[in-house]
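Chemist: The amino acid sequence is not available; the structure is as follows:
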C-alpha cells in the first residue's frame with residue numbers, strides 16, 4: 001500500500017482546508033463549510049491538537065486530527081476530524097489511518113480512542129468492521145438553537 005502519513009505542515013493547510021470543505025459539505029453532513037472556515041479551523045486545531053497529512057502515491061489526499069488533551073489527558077485520545085478526497089476513497093486509506101491512530105495511541109499508553117461518526121455516513125459501517133462499537137454510556141445530544149426546539153438534528 002502506497003500510503004504515507006506525517007504531521008501536517010502549515011504550508012499544507014490550504015490544500016487540507018479544501019479537502020475539509022469538500023468532504024463535510026457532502027451528504028450526509030451537508031455542513032456548509034467555506035474554505036475560510038475550514039482554514040481557520042485548521043489553524044485553531046494546530047494550537048492544541050495533532051494534525052496529520054495523508055498521502056497516497058505521493059499526493060495529498062486526506063488528513064486527520066488527533067486530540068490527546070481532550071477530557072482526561074493520558075486516558076482518552078479523541079479523533080476530531082478525518083477526511084479523504086472523494087476520488088481516493090475505497091482504497092483502504094481510512095482503515096490504514098484508523099489503525100495508525102490506534103497504534104499511535106497504544107504506544108502512548110492511552111486507554112481508549114474515541115470519535116464521533118454520522119450514522120448515515122459510509123464510514124460508519126467501516127468503523128464497526130474495524131471493531132469499534134457505540135458507547136454504552138455516552139450519547140451526543142444536540143438542540144437546534146434558532147427556534148428553541150429539541151428536535152433531532
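Modeler: Cool, got the structure. Values in this document were obtained by computation on a predicted structure and should not be read as measured data.

Chemist: okay, CA-based contacts and neighbour counts for the rest of this
Modeler: Will do.

Chemist: Grab the nearest non-local neighbour of residue 130.
Modeler: Nearest residue to residue 130, sequence neighbours excluded (C-alpha to C-alpha, 6 or more residues apart in numbering): residue 95, at 7.5 Å.

Chemist: for that neighbour, helix, strand, or coil?
Modeler: Assigned with DSSP: H, G, I helix; E, B strand; the rest coil, residue 95 falls in the helix class.

Chemist: Tell me the spacing between it and residue 21.
Modeler: 21 Å (C-alpha to C-alpha, to the nearest Å).

Chemist: neighbour-wise, which of the two wins?
Modeler: residue 21 (20 against 16; other C-alpha atoms under 10 Å).

Chemist: what helix or strand does the more buried one sit in?
Modeler: helix 13-25 (DSSP states H and E).

Chemist: who does that helix touch, helix- and strand-wise?
Modeler: helix 35-48, strand 59-67, strand 76-84 (3 or more C-alpha pairs under 8 Å, 6 or more residues apart in numbering; DSSP states H and E).

Chemist: so which of these comes closest to residue 2?
Modeler: strand 59-67 (10.2 Å; C-alpha to C-alpha).

Chemist: what pairs with that closest one, and is each one parallel or antiparallel?
Modeler: strand 50-56 (antiparallel), strand 76-84 (antiparallel) (DSSP bridges).

Chemist: how about the ones you listed, which one is nearest residue 28?
Modeler: Taking the strands paired with strand 59-67 one by one with C-alpha to C-alpha, strand 76-84 is closest: 13.5 Å.

Chemist: Tell me how far the closest one lies from the chain's centre.
Modeler: With C-alpha atoms, centre = their mean, to the nearest Å as the basis, strand 76-84 stands 3 Å off its chain's centre.

Chemist: Run through who's touching it.
Modeler: 19-20, 23, 61-70, 93-94, 105, 110-116 (C-alpha atoms under 8 Å, 6 or more residues apart in numbering).

Chemist: let's see 7 Å
Modeler: 19-20, 23, 61-68, 70, 105, 110-115 (C-alpha atoms under 7 Å, 6 or more residues apart in numbering).

Chemist: For ChimeraX, write a command that selects the buried ones of those.
Modeler: Filtering these down to the buried ones (16 or more other C-alpha atoms under 10 Å) takes a single ChimeraX command:
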select :19,20,23,61,62,63,64,65,66,67,68,70,105,110,113,114
